[in-house]
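> mind folding the following:
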Amino acid sequence: MPQLSWLAFASNMDRGVSQMDDDLTGVSWGDLTVMEQLGEGASGIISKAHRQNTAQQEVAVKLFKGELTTDGLPTDEMYACMAAGVHPNLVQVLGRIDSHPEQKRGLMLELIPSTFKTLASPPSLDTFTRDIYQPGTSFSRSKLAQIASGIAAAAAHLHSRGIMHGDLYAHNILVGPDKALLSDFGAATLYAKDYSDDAATIERLE
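Numbering: from 1, shown residues only. From the prediction side, this is the model:
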């Protein structure tokens, strides 16, 4: 078995990430009507919701569990999502959830169309180091180029903002008709771009 290693230091950040809360639009929990659950991960639960505005906007809401996970603290994921900004190959963050009755922290995200599918499933105990693709999975050369170029562009965008995704694998890639999206910042780490040698090393690891 190959030697496995990875770098994670999100909870040891020396940047003023607490200020990022002010950079996002606050969305009151009372303005959201939560519908069905879409998924659940180590850090939180994602549900479909309606935002009570003039357009009855359909969105996704992720509520963080507030517990230490194998990837780190959920607040680290939240700050990384906020710091990522806007990119066509990233799931867009629309706002920060405020006034939750149980004081839970959360984000309002764009709702990904059902035409997008996860590229693969996470590794199992049998595969361990490899994601699991459905039998018969295949793509044309042009589709592979579209997926690879889109995810590379997303990673380059994150690196330009001092963010290492930390889990850039097929199970965190959503593939749609026209583009691919990189999702799940649970293992993301913010790093200082000021230290060029360290930053370059981190980016090469990704």
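
> tell me how far the helix or strand encompassing D76 lies from the chain's centre.
Secondary structure from DSSP states H and E places D76 in helix 74-84. Offset of helix 74-84 from its chain centre (C-alpha atoms, centre = their mean, to the nearest Å): 8 Å.

> what's the answer for stretch 170-177, then?
On the basis of C-alpha atoms, centre = their mean, stretch 170-177 sits 12 Å off its chain's mean C-alpha point.

> who's in contact with G66?
Contact partners of G66, counting by C-beta atoms under 8 Å, 6 or more residues apart in numbering, are 74-75, 104-105. Where you see a C-beta, it was placed from the backbone N, CA and C, and this is true even at glycine.

> phi, psi of it?
phi 80, psi 20 (degrees, to the nearest 10).

> for PyMOL, what selects the buried ones among the contacts of G66?
To isolate the buried ones among these in PyMOL, judged by 16 or more other C-beta atoms under 10 Å, type:
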select buried, resi 74+75+105
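
> quick check: phi and psi on the closest residue to L109 other than its chain neighbours?
Nearest non-adjacent residue to L109, counting by C-beta to C-beta, 6 or more residues apart in numbering: A60, 4.4 Å away. Note on A60: backbone dihedrals following degrees, to the nearest 10 are phi -110, psi 140.

> renumber starting at 58 from here on
That works, and once the first residue is 58, the last one we named lands at A117.
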